[in-house]
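J.: Okay, sequence plus prediction incoming.
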Amino acid sequence: MKKELIELRVNGRARELAIEPSALLLDILRNELQLTGSKRGCDDSSCGACTVLVNGVAMMSCTLLAASCEGQEITTVEGVSEHGALAAIQKAYGDWGGAQCGYCTPGFMMTVKSLLAENPNPSEAEVRAALSSNLCRCTGYSQMYEAIRSAIAAEQQGLVAK
Amino acid sequence: MNDFSIIGKPIAMIDAAEKTTGAGKYTDDLSVPGMLIGKILHSPYPHARIKRIDTNRAEKYDGVVAVVVGKDAPNPYGILPVGHDEHALALDKVRYVGDNVACVVAVSESIAEKALELIDIEYEVLPAYFDPEESMKAQSDLIHDSKPQNVEKDYHHVFGDPDKGFAEADQIAEARFIANEVTHAAMEPHSTLASFELDPHTGKPGRLTVWSSTQVPYYLQHKLSLVLEMPMSQTRVIKPLVGGGFGGKSEVIPLEIIAAVAARKAKAPVKITYTREEVFWAHRGRPRTIIDLKTGVTSDGRITAVKARVVQDGGAYCSYGVVTILYSGALLGALYDIPNIQYDGYRVLTNKPACGAMRGHGTVNVRFAFESQLDELAAKIGMDPAKIRQSNLLQTPCITVNGLRVQSYGLPECIEKTVERSGWKARKGKLPKGRGLGIACSHYVSGAANSIIRSDMPHSTVNIKIDRDGGVVVYTGASEIGQGSDTMTAQIAAEVLGGSLARVRVIAADTDLTPIDIGSYSSRVTFMAGNATLRAATEVKKLIAAAAARKMGCEIEELIFRDDAIFRKGGTESGASESAQTSRGPDGRGRPSPHGSTESDRLTQSHGAELPTVSGHVEGQILRGSLQQKRKEEGPKNSMTFEEAVVAAIDFHGALTGTGSYAPPPEARGGKHKGAGVGPSPAYSYSAQVAEVSVDEETGEVTVHKVWAAHDCGRALNPVSVEGQIIGSVWMGMGQALTEEMVWKDGMLMNAGLLEYRSPSSVESPAVEPIIVESIDPEGPFGAKECSEGSLAATIPAIANAIFDAVGVRLHESPFTPERVLAALRAKKNAKALNLTEGVDPTSPIRFREHGGSLCFNGKGPERHALDPSRRETPSVAGSAD
Amino acid sequence: MSLPEFKLLRPRTTEEAVRHLREHTSNVRVLAGGTDLIPSMRQKLFEPGHVLDLRGITAMRGIRPQADGGAEIGALTTLREIERSDFLRQHYPVLAEAAATVASPVLRNMGTIGGNICLDTRCLWYNQSLAWRKGCGFCIKKDGDLCHVAPGGMKCWAVFSGDTPPALLCLNAEIEIVSAGGTRRVALRDFYTGLGDNYRKLQPNELVTRIFLPAEAAGYCGVYRKLRVRGSIDYPLAGVAVVIKRSNGHVADARIGITAVNPAPLLVKEARDLLVGKAVDEALAEAVGDVAAKTAKPLTTSALTPEYRREMIRVFTKRAVLAAAAN
């Protein structure tokens, strides 16, 4: 099928790309933009390893056509680090064992980022519900909760310091 | 408190930032110039002979570079030397739906997929076997001609005198347990990239490099060399980050060979990444297991004898099967003191994907049966279920009746701690109706004492290099798969050398660079690669110590390596020590200790910014060549920085390198009977768990509220990782207990995806309280043993026993789906006789959960496909448009 | 698994969309949230020449309370918006509750109410890859001529697995269907055929654009109960929606809808007569559960056994009736 020229805004940068209309956002991110942080773990939109933010809303990039994201602001895991340093949630996932094999981690980063953007101080039940979009096969999720708690505490301390 | 500065502290894994930022590269994230994509054609039949393959149309399709078939790589292989029954692509027969038939290499995935449809194959469909007990009756149309009755292997072991044991018993329980098939479902689908270099001397394809998602890069190197008929020295395997294994990547998976064969034929680099469905077909998971178990106890709770007949539905190839069936018997021993054991194990072939090694390899299903039956016997003799376990402890050190050497044995403390933390004594039997507590124990090897391929080779070797920059580079063949193997190695090296963690770089799992290590399986890495690291680091340390002692004018024995410096014992610790700090909490924050790991001194990995400034200064001077000047100024002193000592040692010895290796001691290698090689380990981990569940008696739904899991890991080198492994094991056990099951219908896997194969989500995952028990093994590195697998097996029976406590029904088949639980509840109440576990759909004569029957498969797949008008149109073939 | 090749049509207005549909009637699929269509296209269940992507039609989004007390919902409104709408939670709680159980939070960010209504029927023999389906010789819903679930007949039994339609049925919802030829409005209960393959009365040139919730259904107590194995991600294996309006402790009106146990979501016809005029107690709820279970005809299209799923329709209905009456 003939390729079409589209402009994608990814992590704050505009990129012009020639893509097939049937190309999925995940494949374009990984293969055309070399943003391989977003992962493919399933083929039936169930695992969440490919989660990105589209205009701030968490979505599965394996289930979106790249062409239909034209003009929208896409944030991938590569856009989570702040000012060249780990974001609080990234640091906390490392410290608290929230990531083991790490394959699902980028997806969780995006899910947690969108959760905390909407709800800066979620209850445990709210965290559990939010994380249920993503599958992890290593951690049993428990250490993720500790990581998220600690990241929230770190953010709050940061706010106070500022 | 111990006196360690690096180990025993909860630290982030050294590759954590790579993972949380997405910067880390897994195999499918790699690409090389000119790389092509491979796609595999799979068999639509469970059992058929290939009469003809015609790849002509596919080869001509625009964008296709090569089509690979079985005869392109006819050498058989398999992970076990006794099980070389696989081919990269089927030669003459296919043996399960999903078996590998051909591979198309093309410029894109979609073109390769389309070309697959253009391969014409003529099959002769054969009768297929789906149930192991039926399969064992087979007289004709065997799955492998060399395996009569489709039995891969059977073993018959008798230890002690079981008949006498049962005669001495006051109570005997006997039952059939069934554990249905589960799979690893690691989040990363398998992926392999293969590339040949052109040899500058011959001008022809020479060395092969393979990047692959594997737990066993060296076995892969070996099998590649076997199938491709290339010297191992010309074959390099590199393991990038691996997105989980759990045993599913612990042997050579077809795509790994196919990619290399395809790259050879296509004369270009080829990457193959499985779809999730292909991951399910590649499988190698835990086999459906039928366990006929009989146990006898005395009225005071002593186990007198155990008899187990185990039949495993192994699928179409051997894989690890012979080892699995042996583990199932061998690990009846080494948990409790059992004087008499009879074991009859059958590993049976069926026309389904091959089962292999999965977390808790071989032990899990039998442990479910055993711990359930022990619970039943406790009830029969009126004994507390925790007490009956405490009544059968081993007196260690000892050698069990089946020849297993047990030294460190933390089981008593594990039981004690879980009982205490869960409030067992106060709460057991006193919870509201529908809620209950259950206890169970398990154990696992810390690596196999005998390797798969018999040789005198060490199981792990580690090299360490330290150069003038003061950097410590550890070369290890051990495979990081997310369990923290690289971090463990770095920690041990840093601890021994007294250096900071930031100083250590780990180069791992690259057959060109790193010394051989047999892989990440059977929970061997911490024990074996850890010991090898310890030895290598100790060797290098000796060299540094000799130089430092000379400089300081003291004896080697007087030196202390710590905090990035070397001190003379009793000397004033000036200079280096001020800047070298190791004990800090992150952001000044201590670690709360919800699970009893009391460390408030969580260690920061100091990358760059926090390196001692004095080191940088000294380093700068040295590198600028003011060394002679500096030496003159130096007199004897009481401490040296790590860099100073390294430079002194290099001046003295030349390059600093050390090698350490580990082979299990002969005493740990087991008995002499046939099959005695599997089961022995240098050390065993122990686990005891209490699960709290509630059961909805109207729906049969089981909710796990909490699991208290005590695990004896010898010593916790990194408590945050150990706890993560315990929680992960318990959680995966819960998946097998409640929701996970591969569902088959006439050899078709009905749930080959993460939507229908239900690995638990965060919502129903329980709180797990990990409790670390440290028995300090005499041979483990700093006393450490395994922590990643042993806990899994206890979870399933702990939940089963808790269900019994809650509602009084005993589940004999896993997973305990709501329909199975409800059926058991109905049976108990003699209520409305509803058979809830078999499809009773009036319009359908076929049972949904079909395991039984040697069904002749009248497949009509491709024929039907060809008949369908909507599909008859073939995609455009190159040239046809002209 | 890559998607089949297609031309992507990206209209900005409904008019533009139906024009495209008219032009490509024989060879087009409509893409809303994509959470079902994209995986299905990967499996080559659909290989359309054109895909009509509705994401750009902003006019088709939003929940608009009406002057008469009813509401109008744009078909592209996400399930997440419905779940979180204060208006719906207050006036049509059964819909908000049902929407909140669909799949997972991220999928609800993508999935739309229109998509949930139009959701393709599902079956373990159908929702599989092309390679898999070759192994079973295909099925009557796609590429084959045999139903593996009921091999005796020539009928497709694929099961309707949307969570919101039983709630919408309870609310007497209507939907607006637009084509180049005009606009029609139908009661949702008349939208489904009861067949597994040709499951809805929607022509290939038609588009579901709006959902209407009548004013008289506002304020009913509502409960949705869903059987699934995991607490998230899963499609329903059985689902029951109950709405009850009470006056003076007695049921003034009630409706019960069930899903995931038949090729269509269905209202349980006898339920209203059983409930109206009575005070709800355990025995009455049991009786209602029994009639709901009779309406359910689950087959081996899904995980868990049909018998169990029917039993759960009974239990869940009983519980939902008690819960709705206790509100």
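T.: That came through fine. Computed from a predicted structure; not experimentally measured. Residues are numbered from 1 along each chain as shown, chains lettered A, B, ... in the order given.

J.: For residue 72, which residues are in contact?
T.: Picked chain A for this. A:9, A:54-55 (CB atoms under 8 Å, 6 or more residues apart in numbering or on different chains). Bear in mind the C-beta positions are built from the backbone N, C-alpha and C, glycine included.

J.: you looked at the wrong chain, it should be chain B
T.: The neighbours of B:Asp72, taking CB under 8 Å, 6+ apart as the test, are B:89, B:261, B:265.

J.: Now which of those residues would you call buried?
T.: Buried members of the contacts of B:Asp72, scored by 16 or more other CB atoms under 10 Å in any protein chain shown, are B:89, B:261, B:265.

J.: ok, the spatially closest residue to the second one that is not a sequence neighbour - contacts?
T.: Here the nearest residue to B:Val261 in space, its sequence neighbours aside, is B:Ala73; by CB to CB, 6 or more residues apart in numbering or on different chains that works out to 4.4 Å. Counting by CB under 8 Å, 6+ apart, B:Ala73 makes contact with B:87-89, B:227-228, B:257-258, B:261.

J.: partner residues bridging B:Ser661?
T.: Beta-bridge partners for B:Ser661, by DSSP bridges, are B:Thr461.

J.: so how many other residues sit close to it?
T.: For B:Ser661, the neighbour count with other CB atoms under 10 Å in any protein chain shown is 20.

J.: Run through the chain and note the low-pLDDT ranges.
T.: Just so you know, I chose chain A. A:1, A:159-162 (pLDDT under 70).

J.: could you do chain B instead?
T.: For chain B (pLDDT under 70), the answer is B:1-2, B:571-635, B:831-882.

J.: For it, which helix extends over the most residues?
T.: Taking DSSP state H as the criterion, chain B has its longest helix at helix B:530-552.

J.: which secondary structure elements does it contact?
T.: With contacts defined as 3 or more CB pairs under 8 Å, 6 or more residues apart in numbering or on different chains; DSSP states H and E, helix B:530-552 has these neighbours: strand B:460-466, strand B:472-476, helix B:485-497, strand B:559-562, strand B:565-568, strand B:639-641, helix B:642-653, strand B:656-662.

J.: Kindly state which of these is positioned closest to B:Met734.
T.: helix B:485-497 (24.8 Å; CB to CB).

J.: Provide the angle between the direction of the helix or strand that comes right after that closest one and the direction of helix B:485-497.
T.: Next in sequence after helix B:485-497, counting helices and strands by DSSP states H and E, comes strand B:504-508. Between strand B:504-508 and helix B:485-497, the angle comes out at 140 degrees (axes from the mean of the first three to the mean of the last three CA atoms, to 10 degrees).

J.: Can you list the strands that strand B:504-508 pairs with?
T.: Strand B:504-508 has these strand partners (DSSP bridges): strand B:472-476 (parallel).

J.: Regarding the closest residue to B:Tyr521 other than its chain neighbours, what is its secondary structure?
T.: Take B:Tyr521 and drop its neighbours on the chain: the residue closest to it by CB to CB, 6+ apart is B:Ser250, 4.0 Å away. Under the three-state scheme (DSSP: H, G, I helix; E, B strand; the rest coil), B:Ser250 adopts coil.

J.: before we move on, back to that, C:Phe316: which of the buried ones among the contacts of B:Asp72 is nearest?
T.: B:Leu89 (48.9 Å).

J.: Please verify my assumption that that closest one contacts B:Val101.
T.: Yes: between B:Leu89 and B:Val101 a contact is recorded at 6.1 Å, counting by CB atoms under 8 Å.

J.: Now for the two: what residues contact both?
T.: B:69-70.

J.: Looking at the helices and strands packed on helix B:530-552, which is nearest to C:Gly162?
T.: helix B:485-497 (45.8 Å).

J.: hmm, that closest one touching chain A?
T.: No: on the criterion CB under 8 Å from any CB of the partner chain, helix B:485-497 is out of touch with chain A, staying 10.6 Å away.

J.: And the residue of chain A that's closest to chain B?
T.: A:Gly37 (2.0 Å; CB to the nearest CB).

J.: can you list the domains in chain A?
T.: What the record gives for chain A is the domain set A:4-79, A:88-161, from automatic domain parsing.

J.: and the shortest one, how far from the chain's centre?
T.: If I follow you right, that is domain A:88-161. From the chain centre to the centre of domain A:88-161 is a distance of 11 Å (CA atoms, centre = their mean, to the nearest Å).

J.: Would you mark the buried spots in whatever helix or strand C:Ala241 lives in?
T.: Using DSSP H and E, C:Ala241 maps to strand C:238-247. Under the neighbour-count criterion of 16+ other CB under 10 Å, strand C:238-247 has C:238-246 buried.

J.: Doesn't the residue of chain A closest to chain B belong to a helix?
T.: No: assignment of A:Gly37 by three-state DSSP gives coil, placing it outside any helix.

J.: Settle this for me: it is touching B:Ala23, isn't it.
T.: Yes: between A:Gly37 and B:Ala23 a contact is recorded at 7.0 Å, counting by CB under 8 Å.

J.: which among the contacts of A:Gln72 end up buried?
T.: Applying 16+ other CB under 10 Å to those flags A:9, A:54 as buried.

J.: Name the nearest of the contacts of A:Gln72 relative to C:Leu21.
T.: For those, the nearest to C:Leu21 is A:Val54 (25.6 Å; CB to CB).

J.: what's the closest one sitting at in phi/psi?
T.: Here is the backbone geometry of A:Val54 (degrees, to the nearest 10): phi -120, psi 110.

J.: Can you tell me, leaving aside adjacent residues, what's nearest to it?
T.: Using CB to CB, 6+ apart, the nearest residue to A:Val54 is A:Gln72, at 5.3 Å.

J.: Let's see which of the buried ones among the contacts of B:Asp72 end up in strands.
T.: Counting by DSSP state E, these place none of their members in strands.

J.: Burial check on the residue of chain A closest to chain B, number of neighbours?
T.: The burial count for A:Gly37: 28, using other CB under 10 Å.

J.: how close does it sit to chain C?
T.: Using CB to the nearest CB, to the nearest Å, A:Gly37 is found at 17 Å from chain C.

J.: residues touching that residue, list them.
T.: A:76-78, A:106, B:21-23.

J.: Same question for C:Arg108.
T.: C:78-80, C:83, C:99-100, C:102 are the contacts of C:Arg108 under CB under 8 Å, 6+ apart.

J.: Find the residue closest to the residue in chain B that chain C sits nearest to in space, skipping its chain neighbours.
T.: Nearest to chain C in chain B, going by CB to the nearest CB, is B:Val763, at a distance of 3.0 Å. Counting by CB to CB, 6+ apart, the nearest residue to B:Val763 once its immediate chain neighbours are dropped is C:Gly231, at 3.0 Å.

J.: My guess is that neighbour contacts A:Ser133. True?
T.: No: C:Gly231 lies out of contact with A:Ser133 (CB under 8 Å); the separation is 11.7 Å.

J.: With neighbour numbers in mind, choose between those two.
T.: A:Ser133 (30 against 18).

J.: which stretch of helix or strand covers that one?
T.: Per DSSP H and E, there is no helix or strand for A:Ser133.

J.: thinking it is in contact with A:Gly48, fair?
T.: Yes: A:Ser133 lies in contact with A:Gly48 (CB under 8 Å); the separation is 4.9 Å.
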